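K.L.:
could you look at this predicted model? Sequence included:
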Amino acid sequence: MKRTTIFVPESLERDLQLYAARAGKSTASVVREALTEYVVAKRRASGALPSFAGAFASGYTDTAERHEALLFKKAGRAGPAPRRPVSRKRVR
């Protein structure tokens, strides 16, 4: 976990501490939950992909068929020879 400092108005800090105490949680956990909900809601509203989704086209069209070879490549196990990327013009 990474430490971050934020500045909030004193009234918000009091409300946050009260809420955390009543919920039996730490102030930090309440802030983390609130930030998570905020970011997820904004991501859904914008239609952005989750952070774990690929962001760029690899040029390969057979990734699903050769997923085991790709996964075990880093583990040092040999798999079938990789295929060359298919060159296609991008349509915008």
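P.N.:
Cool, got the structure. Every value quoted in this text rests on a predicted model; they were computed, and no experiment measured them.
K.L.:
burial check on residue 41, number of neighbours?
P.N.:
10 (other CB atoms under 10 Å). Any C-beta I mention is one placed from the backbone N, CA and C, and that applies to glycine too.
K.L.:
so which helix or strand takes in it?
P.N.:
helix 27-46 (DSSP states H and E).
K.L.:
can you list contacts of that helix?
P.N.:
With contact meaning CB atoms under 8 Å, 6 or more residues apart in numbering, helix 27-46 is reached by 6, 16-17, 19-20, 23, 50.
K.L.:
restrict these to the buried ones and give me that as a PyMOL selection.
P.N.:
In PyMOL, this line selects whichever of these come out buried by 16 or more other CB atoms under 10 Å:
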select buried, resi 20
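K.L.:
pull the most distant pair out of the contacts of helix 27-46.
P.N.:
17 and 50 (32.1 Å; CB to CB).
K.L.:
worst mean pLDDT across the helices and strands of the protein, which element?
P.N.:
helix 67-73 (a mean of 78; mean pLDDT, DSSP states H and E).
K.L.:
dump the C-alpha coordinates for that helix into PDB.
P.N.:
What follows is helix 67-73, C-alpha atoms only, in PDB (Å, rounded to 0.1, in the frame of the first residue of the first chain):
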ATOM      1  CA  HIS A  67      -2.600 -18.600 -24.800                       C
ATOM      2  CA  GLU A  68      -0.700 -21.500 -23.100                       C
ATOM      3  CA  ALA A  69       2.400 -20.900 -25.100                       C
ATOM      4  CA  LEU A  70       2.300 -17.200 -24.100                       C
ATOM      5  CA  LEU A  71       1.700 -18.000 -20.500                       C
ATOM      6  CA  PHE A  72       4.400 -20.600 -20.100                       C
ATOM      7  CA  LYS A  73       6.900 -18.700 -22.100                       C
END
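K.L.:
all further residue positions should be reported with the first residue as 29.
P.N.:
Happy to do that; since the first residue is 29 now, the last one works out to helix 95-101.
K.L.:
what comes up buried for it?
P.N.:
So for helix 95-101, counting by 16+ other CB under 10 Å, buried means residue 97.
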